[in-house]
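Trainee: got a predicted model here, sequence first, then my questions.
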Amino acid sequence: MCHRRCSRPVVGLVLTLLLLSSASAYQQPLVNLGFTSFMDGAPPAGPGFYFTEYIMHWTANSLPGIDSPVDRFRSWASLNQLIYQSNTPVLFGGKWGIDVIVPLAMFESAPISNQDGFGDLLVGPYLQWDPIMGKNGPVFMHRVEFQTIWPTGTYDSPGPNLNPGSNFFSFDPYWAGTLFITPQWEASLRVHYLWNDENDDTKIQPGQAVHANFASSYEVIAKKLRLGVNGYFFNQVTDTELEGVNIQDDERVLGIGPGALWSFSQNSHLFLNAYFETGGQDRPEGEKFILRFVHHF
């Protein structure tokens with residue numbers, strides 16, 4: 001059917017899709033990959049205000065999908081998070097709360113153009129359930145958050161640029177839970193489902209994705225030190241689209257490594273997590289180190 005008449009337009013469209021996909025490189029927004037780990041099912045000190053500071057250092061050996069050679073990619077990120085946990089149940093016993101995160105990112109990846117600056121604003125109303133208690137303490141605790149990502153971050157024109165901002169809205173709700181296998185041994189899981197809107201500049205709508213953080217730790221020093229293993233994965237489950245046409249761009253990666261949690265008191269906690277990535281597809285893979293300090297006022 002119309003082979004000769006349609007061949008040139010079809011070839012032209014395919015080439016356009018390939019070029020735009022390669023130039024833009026990484027379509028997915030910056031999301032929580034490894035920023036949270038141990039004891040993730042509840043705030044550590046009950047209702048009130050919390051401030052969390054995250055410092056991340058991420059390195060990768062290459063940037064797949066970008067034509068210019070990059071021997072080494074480095075990224076620093078600082079996330080400032082404010083949480084309010086109420087003591088008021090509103091639905092099925094869940095107590096309401098609000099979570100706000102302001103990221104700041106810096107890139108080193110010459111000769112690729114970089115845009116350092118603020119990332120997209122994350123805002124998430126949530127419901128936190130009280131811990132289910134056993135004879136020797138908590139057994140299970142969990143939360144649901146309706147996280148949104150707003151395109152407020154620094155963003156440059158389309159092309160082979162690395163931008164802190166995504167230039168599109170995303171909805172990234174999650175469920176997080178912690179199970180105490182014994183009073184000293186816990187396992188935590190946080191599962192997100194990511195939906196992205198279209199980028200108005202590029203007309204590209206990144207595919208939907210599932211991403212999760214998982215961790216398990218053991219209390220080595222009572223109420224002071226936990227040691228364990230932590231990991232994450234990101235798996236794009238629908239194709240990215242350019243003006244309604246599918247692009248073969250399915251990002252995925254797995255990271256895993258050791259971690260530690262030091263508690264100065266019930267109100268102040270320091271996390272250190274390392275991740276070594278593998279299985280990267282359509283995105284970089286490397287090593288990631290995250291330092292997180294949590295304080296309850």
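Mentor: Good, I have the coordinates. None of these values were measured; they are calculated from a predicted model. Residues are numbered from 1 along each chain as shown.

Trainee: which sections of this protein are below the confidence cut-off?
Mentor: 1-26, 62-72, 109-114, 157-161 (pLDDT under 70).

Trainee: how about a cut-off of 80?
Mentor: 1-26, 61-73, 107-116, 156-163, 248-249 (pLDDT under 80).

Trainee: quick check, central residue of it?
Mentor: residue 32 (1.6 Å; CA atoms, centre = their mean).

Trainee: count of residues packed around residue 123?
Mentor: 13 (other CB atoms under 10 Å). All C-beta spots, glycine's among them, are computed from the backbone N, C-alpha and C.

Trainee: surely residue 33 and residue 211 touch.
Mentor: Yes. At 6.4 Å, residue 33 and residue 211 qualify as touching, with contact defined as CB atoms under 8 Å.

Trainee: find residues that contact each of those two.
Mentor: Jointly contacting residue 33 and residue 211 under the rule CB atoms under 8 Å, 6 or more residues apart in numbering are 232, 234.

Trainee: got a list of what residue 107 touches?
Mentor: 73, 74, 75, 114, 115, 116, 162.

Trainee: quick check, the last one in contact with residue 115.
Mentor: So that's residue 162. Yes. Assessed by CB under 8 Å, residue 162 is found in contact with residue 115 at 6.7 Å.

Trainee: quick one: the helices in this structure, in order.
Mentor: Secondary structure of the chain (DSSP state H): helices located at 3-24.

Trainee: for it, which strand is longest?
Mentor: Using DSSP state E, we find that the single longest strand of the chain is strand 73-91.

Trainee: next, the buried residues of that one.
Mentor: Using 16 or more other CB atoms under 10 Å as the burial criterion, the residues of strand 73-91 that qualify are 73, 75, 77, 79, 81, 83, 85.

Trainee: quick check: bridge partners of the residue nearest to residue 225 when sequence neighbours are not counted?
Mentor: Excluding the flanking residues, the one nearest residue 225 by CB to CB, 6 or more residues apart in numbering is residue 262, at 5.7 Å. Per DSSP bridges, the residues bridged to residue 262 are residue 225, residue 270.

Trainee: tally of neighbours for residue 262?
Mentor: With other CB under 10 Å as criterion, residue 262 counts 13.

Trainee: separation between it and residue 84?
Mentor: 25 Å (CB to CB, to the nearest Å).

Trainee: can I get the contacts of residue 107 in CSV including distance to residue 141?
Mentor: Compiled in CSV, the contacts of residue 107 are given as follows (distance: CB to CB, whole Å):
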residue, distance to residue 141
73, 37
74, 36
75, 32
114, 40
115, 39
116, 38
162, 37
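
Trainee: quick one on the thing from earlier: what sits against the residue nearest to residue 225?
Mentor: Here residue 262 is in contact with 224, 225, 269, 270, 272 (criterion: CB under 8 Å, 6+ apart).

Trainee: please check these and keep the buried ones.
Mentor: residue 269.

Trainee: of the contacts of residue 262, closest to residue 139?
Mentor: residue 269 (20.9 Å; CB to CB).

Trainee: could you measure the closest one against residue 206, distance?
Mentor: Residue 269 is 34 Å from residue 206, by CB to CB.

Trainee: do the same with residue 224
Mentor: 42 Å.

Trainee: which parts of the stretch 51-200 of the chain are strands?
Mentor: 73-91, 94-108, 113-114, 117-118, 121-128, 132-134, 137-145, 148-150, 161-162, 170-171, 174-180, 185-196 (DSSP state E, counting those that start in this stretch).
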